[in-house]
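Participant: sequence unknown, structure follows:
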């Protein structure tokens, strides 16, 4: 398979957290999740499709999100994901952890 | 909480895994939706629909790979790959049934042989002996491996030592069939072993029914055991399924004895302590009884105290032995020698097993080389498939794994076949009662053998798949596509590899053939040995009278009657009686030439045979000097004796032994030597017999058995009934079992050697077949690849014979190279065989030449067939091919 590319340039676990956060807004399908992350980051963060779907599978397997089939805006079958109570809890924990880590990084870098 | 969520996670994973194909489909659909959404957006930005779709697909990338990546979150990647590879492998096997069948057959034979040999090694060497805590059991011999210990010494050692929790013993002089069982059904001669009362307890063997001997039962008389314990096999043969046999009174040698116990099936005395001798019953050995046999009669084992080493115990017993010897100068010598029991039991088979293990290893390597070669040949045709896979995104490691999965799957199929063979093979081996090998009955396929088979299957699969797999993953894409699937130059590129494999096969086959050849020649030499007697058409029948002989006159009239009646049976040319059979029983006494004084410890010993007149003729022992025993040598006449040549040389070097006087020990029973006979091999065919002293049965009452020996004009098997009918008037109760031909005795004595020769010969034959198939495959393949070239050569005028010669020479070149390597290897390795050889040297030129000739002949035939086919190629057809 050649050399394995890093999944994303973000800190590990960040994509999971971003997906969970975006899902706070309601039921979304995969494409919408990717779009939303891109928009909300002012096009700075692009979600690789290659890592999005494994991430979704992983989150679902962990019981943090639940997918169900529904109809998209243009009446096509799509899979919509929603946050579970476990996922909500996990998001809170993850945000706290992330805030700590970035805070620490920022202090070292002299950003604050 | 934590455990609960983990459990939920686990359950979800299982669920995903179970309906993975459905999930896979849904994931695919989800990704398609994603791509379409992307395309729609591009269209909205003004792209044409077709372009947008293509761009979206490009951006999304390889959907199969992506879905595999996504899926890998719930199935480990390697698992799904493995499943896929296995599916491919089995599809491939179905498509190429001939190749598959051949591979499975060869791998199966190889693995079957390996597992069988492993089971033998496991039973004889690896598995602990079937006693409790066998590591603490020690065999205690006296001086050398064979000498037994005096009972008085045993009693003192047992009392004085500090190293052992206990010592136990059994009689080293029990004889096959020395007890006559009457009163229940047909009278039968059975084998009994006298054991000390603590024997079973010391081993940790508990009777399956009933109990062992009590102290009181060990106080009786030696010849009249009050209690007996049955071996499991005897109980099953004679009394099963009657568990109430315990408490019953049986009649042994006209004396009543009570059955007190039956030993468990797991305890097989013979297989550990006396390989090849089935033992029927055990009797207590009253050690304080003055009527018990005198002299060195006891074999001793001990159980070390926990934490005591064999070395420490050896040091202590050596000291005790010296002390006892100085305290009791009237007793025999005692020099205790300790060996761990397991080592004593199977130590002597280690060289044979080592050779077998190496041989089977070599066979497996040949199998792998052969299969590897086949796989390589197939690569030519599979090159297109592989290139296609690589083009579709399969990486090197992925292709490598796929090839290895295929070969391991094949070898595992072979292992199933091999396991069947091994189960059959071990069952056969375990029932070879005629084979004089310890623990052979316990050879079977058990858990560790199963594990071994699995490991062997995987290892051989990897081994024979690795070379082809490496070749495949080294394919370059461009090259593969350019070759356009003709596969010819790819084939030529690994021609050297395939040649190398064939050379390896021949080298190993050569080593095996030489090893087997050396052993076969040794075996023939052993069979050719001058035994000192003639086994052909001689047989023995045990005839101890069922009544008690009370006087010398009664004994002699019994002997007269027996011999007279036997000699009148048609077909019998000679008959005599002896107390011991060659290659089976033995006892030795100290002897002395009257008038000579021997230093203590330097007195000559001789094996004692008590024989009647006619024995030498019946057994075929040639007389060298003087005369044989005659009917007139009776209790009332002067005591006479005969000696063999070795004893004559030992006692009277350079003198005429006839007319000399000989005594047992110093001064006991002085006899006049009347004749000298040839040496008889009594312990083994390979070992010279040692000194022998013959005494006439009519002058003696001290012997343990009466074996009637007959020599016949016909094969003796059919004579038993005639002799029995002839003897019935003398003793109607004569037990009828125990008719042995002398050939049986010889066969039994050579059975361990025969066992090794058979197995190794089989391996060598298999190796030879494999090597010839291998070279045949390589040559035919190279011929088929060069069809065009051959066509051109022939069109240009090359003659058929010229062509044939070229091909056969190439074959012989490969074989010769392998042969040279194999011979060099054999020179080095055959020293491992030296302890097993007899009458040939490890570098025996005849064997080397024969093996080389055989291999070259086989190679020439294997090369000639494709050469002959090639010479019949029609040049026009060949040129048009491709």
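Facilitator: Structure's in. What do you need? Note that this is a predicted model, so its numbers are computed, not measured. Numbers count the residues shown, from 1 in each chain, chains lettered A, B, ... in the order given.
Participant: only C-alpha atoms from now on, for both contacts and neighbour counts.
Facilitator: Fine.
Participant: tell me which helix or strand the nearest residue to residue B:837 once chain neighbours are set aside sits in.
Facilitator: Closest residue in space to residue B:837, ignoring its immediate chain neighbours: residue B:522 at 5.5 Å, by Cα to Cα, 6 or more residues apart in numbering or on different chains. If you go by DSSP states H and E, residue B:522 is part of helix B:495-528.
Participant: show me what counts as buried in that helix.
Facilitator: B:495, B:497-523, B:525-526 (16 or more other Cα atoms under 10 Å in any protein chain shown).
Participant: assign a three-state SS to the closest residue to residue B:689 other than its chain neighbours, would you?
Facilitator: For residue B:689, ignoring the flanking residues on the chain, the nearest one in space by Cα to Cα, 6+ apart is residue B:681 at 4.3 Å. Assigned with DSSP: H, G, I helix; E, B strand; the rest coil, residue B:681 falls in the coil class.
Participant: in the host helix or strand of residue B:312, what's buried?
Facilitator: Here residue B:312 sits within helix B:310-327, counting by DSSP H and E. Of the residues in helix B:310-327, B:310, B:313, B:314, B:316, B:317, B:318, B:320, B:321, B:324, B:325 count as buried by neighbour count, 16+ other Cα under 10 Å.
Participant: what is the orientation angle of whichever helix or strand comes after that helix with helix B:310-327?
Facilitator: Using DSSP H and E, the helix or strand that follows helix B:310-327 in sequence is strand B:336-340. Counting by axes from the mean of the first three to the mean of the last three Cα atoms, to 10 degrees, strand B:336-340 lies at 160 degrees to helix B:310-327.
Participant: tell me the helices and strands packed up against strand B:336-340.
Facilitator: Packing partners of strand B:336-340 (3 or more Cα pairs under 8 Å, 6 or more residues apart in numbering or on different chains; DSSP states H and E): strand B:137-142, helix B:310-327.
Participant: and that strand, how far out from the chain middle?
Facilitator: 26 Å (Cα atoms, centre = their mean, to the nearest Å).
Participant: what residues does it touch?
Facilitator: B:135-144, B:310, B:314, B:317-318, B:321 (Cα atoms under 8 Å, 6 or more residues apart in numbering or on different chains).
Participant: how big is the angle separating that strand from strand B:137-142?
Facilitator: Using the same axes, to 10 degrees: strand B:336-340 against strand B:137-142 is 150 degrees.
Participant: following the chain onward from strand B:336-340, which element is next?
Facilitator: helix B:341-346.
Participant: helix or strand for the residue in chain A positioned nearest to chain B, which one?
Facilitator: Per Cα to the nearest Cα, residue A:54 is where chain A lies closest to chain B, at 3.8 Å. Residue A:54 belongs to helix A:49-61 when assigned by DSSP H and E.
Participant: quick one: mean pLDDT for whichever helix or strand comes after that helix?
Facilitator: Of the helices and strands lying after helix A:49-61 in sequence (DSSP H and E), the nearest is strand A:65-71. Per-residue pLDDT over strand A:65-71 has a mean of 87.
Participant: how near is residue B:202 to residue A:56?
Facilitator: To residue A:56, residue B:202 is 69 Å away according to Cα to Cα, to the nearest Å.
Participant: these two: which has the busier surroundings?
Facilitator: Remark: of residue B:202 and residue A:56, residue A:56 carries more neighbours, 23 against 19, as counted by other Cα atoms under 10 Å in any protein chain shown.
Participant: spell out which residues of chain A are next to chain B.
Facilitator: Contact residues, chain A versus chain B (Cα under 8 Å from any Cα of the partner chain): A:1-2, A:30-31, A:49-51, A:53-55, A:57-58, A:61-63, A:77-79.
Participant: got the domain ranges for chain B?
Facilitator: B:2-75, B:134-348, B:349-527+B:751-880, B:544-733 (automatic domain parsing).
Participant: where does the longest helix along chain A sit relative to the chain's centre, distance-wise?
Facilitator: Longest helix in chain A, counting residues (DSSP state H): helix A:85-109. Here helix A:85-109 is found 14 Å from its chain centre; the criterion is Cα atoms, centre = their mean.
Participant: buried ones in that helix, by neighbour count?
Facilitator: Buried residues in helix A:85-109, counted by 16+ other Cα under 10 Å: A:87, A:88, A:91, A:94, A:95, A:98.
Participant: and the domains of chain B as TSV, adding mean pLDDT and distance to residue A:15?
Facilitator: As requested, the domains of chain B are exported to TSV (pLDDT from 0 to 100; distance: least, Cα to Cα, whole Å):
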stretch	mean pLDDT	distance to residue A:15
domain B:2-75	78	14
domain B:134-348	83	62
domain B:349-527+B:751-880	83	27
domain B:544-733	85	82
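Participant: how about the contacts made by residue B:229?
Facilitator: Residue B:229 is in contact with B:212, B:213, B:259, B:260, B:261, B:262, B:263, B:281, B:282, B:283, counting by Cα under 8 Å, 6+ apart.
Participant: which residues are contacting the strand or helix carrying residue B:41?
Facilitator: Residue B:41 belongs to helix B:20-44 when assigned by DSSP H and E. Identification of contacts with helix B:20-44 by Cα under 8 Å, 6+ apart yields A:30-31, A:77-79, B:16, B:49, B:52-53, B:55-57, B:60, B:63, B:67, B:71.
Participant: surely the residue nearest to residue B:837 and residue B:838 touch.
Facilitator: Yes: at 4.8 Å, residue B:522 counts as touching residue B:838 under the criterion of Cα atoms under 8 Å.
Participant: gap between residue B:348 and chain A?
Facilitator: 56 Å (Cα to the nearest Cα, to the nearest Å).
Participant: so what's that residue up against?
Facilitator: Per Cα under 8 Å, 6+ apart, neighbours of residue B:348: none.
Participant: confirm that it sits in a helix.
Facilitator: Yes: when three-state DSSP is applied, residue B:348 is found to be in a helix.
Participant: okay, which residue is most central for chain A?
Facilitator: residue A:19 (2.0 Å; Cα atoms, centre = their mean).
Participant: wait, doesn't it sit right on residue A:32?
Facilitator: No: using Cα under 8 Å, residue A:19 is not in contact with residue A:32; the gap is 10.5 Å.
Participant: give me the neighbour count for residue 110.
Facilitator: Using chain A. By the criterion of other Cα under 10 Å, residue A:110 has 8 neighbours.
Participant: wait, I meant chain B there
Facilitator: Neighbours around residue B:110, by other Cα under 10 Å: 33.
Participant: other SSEs contacting the host helix or strand of it?
Facilitator: Using DSSP H and E, residue B:110 sits in helix B:97-121. Here helix B:97-121 touches helix B:77-95, helix B:350-391, helix B:396-430, helix B:447-474, going by 3+ Cα pairs under 8 Å, 6+ apart.
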